[in-house]
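Undergrad: Got a predicted model here, sequence first, then my questions.
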Amino acid sequence: MTQTMAEMRTVLVTGAGRGLGRALALHLAAPGVLLFLHYNRSADGARETSALARQKGAQTVLLEADLSRSGECSRLAEQAAGHAACLHLLIHNAGAYPESGLLELPPGAWDETLGVTLSGVYHLTRAALPLLRGAAGEGGGHPARVILIGDSGADRIVARDFATPYHIAKVGAHILMRSFARVLTPEGITVNQISPGFLENSVGEVP
């Protein structure tokens, strides 16, 4: 029996064009799942993720956005709303990791890293709230979920002289997730952070 869009489980994964984002998307890909696959610069990778997810039976929609810009976060959420009335799972995976020392950061790396890795999490979560609330209101004991891919050192305030803006962003995102959890859990939207150590292909250029 074919499911309608209204009956499908909906998932948005940011940075789905490669690395951990692709792995997460493919892990969740299955019949009855509608995957929103976000990318910024990794268009070819996102198309490959989409093809692989469809082979596993999922439906996919590609969404391009620069998450460092609040307006593009809003546009991304609006595009998702054009395909589904609710969002069951939002995974914040996208991030920027400038591979340089504090005094050698290239121009724009500071603002871009904080924008994608921290501000983008805030703006996209806010923009997606109507969709998340739609899922939370469905009933059936299944809350809407927001999950952030954090960092194993995000709860420790220590000096970081390499990839400094990334580590600052992850500390801020750690506080942000705790804050979102406090205000959204009563609405039936759970907010959690997963903080792994170094993962193969999980850091590098903006996805």
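TA: It's in.

Undergrad: and the longest helix anywhere in the chain, how far from the chain's centre?
TA: For the chain, the longest helix by residue count, based on DSSP state H, is helix 164-184. Helix 164-184 has its average C-alpha position 13 Å from the chain's average C-alpha position, going by Cα atoms, centre = their mean, to the nearest Å.

Undergrad: same thing with stretch 112-126?
TA: 10 Å.

Undergrad: likewise stretch 103-110?
TA: The chain centre lies 24 Å from the centre of stretch 103-110; the measure is Cα atoms, centre = their mean.

Undergrad: Can you read off the backbone torsions of the residue most central in space within the chain?
TA: Nearest to the geometric centre of the chain sits His92, at 2.1 Å (Cα atoms, centre = their mean). With angles defined as degrees, to the nearest 10, His92 sits at phi -90, psi 100.

Undergrad: isn't it right next to Leu124, touching?
TA: Yes: the criterion here is Cβ atoms under 8 Å, and His92 meets it with Leu124 at 7.1 Å. Glycine gets a C-beta too; all of them are placed from N, C-alpha and C.

Undergrad: residues shared between the contacts of the two?
TA: Listed as contacting both His92 and Leu124 by Cβ atoms under 8 Å, 6 or more residues apart in numbering are Thr14.

Undergrad: Okay, now the unreliable bits of this structure?
TA: For the chain, the stretches with pLDDT under 70 are 1-6, 139-142, 197-207.

Undergrad: all strands for it, in order.
TA: For the chain, the strands defined by DSSP state E cover 9-13, 33-39, 59-64, 89-92, 144-149, 189-194.

Undergrad: Redo these as CSV? Include distance to Ala135.
TA: Shown next, in CSV, are the strands of the chain (distance: least, Cβ to Cβ, whole Å):
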stretch, distance to Ala135
strand 9-13, 7
strand 33-39, 12
strand 59-64, 16
strand 89-92, 8
strand 144-149, 4
strand 189-194, 8
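
Undergrad: Against Ala30, how distant is the residue nearest to Ala16 when sequence neighbours are not counted?
TA: Nearest residue to Ala16, sequence neighbours excluded (Cβ to Cβ, 6 or more residues apart in numbering): Leu37, at 4.0 Å. Per Cβ to Cβ, to the nearest Å, Leu37 is found 15 Å from Ala30.

Undergrad: what about these two, which has more around it?
TA: For Leu37 versus Ala30, neighbours defined as other Cβ atoms under 10 Å are more numerous around Leu37 (27 against 13).

Undergrad: show me the contacts for that one.
TA: Going by Cβ under 8 Å, 6+ apart, Leu37 touches 13, 16-17, 25, 46, 49-50, 53, 60-63.

Undergrad: now, among these, which is nearest to Gln79?
TA: Leu63 (5.5 Å; Cβ to Cβ).
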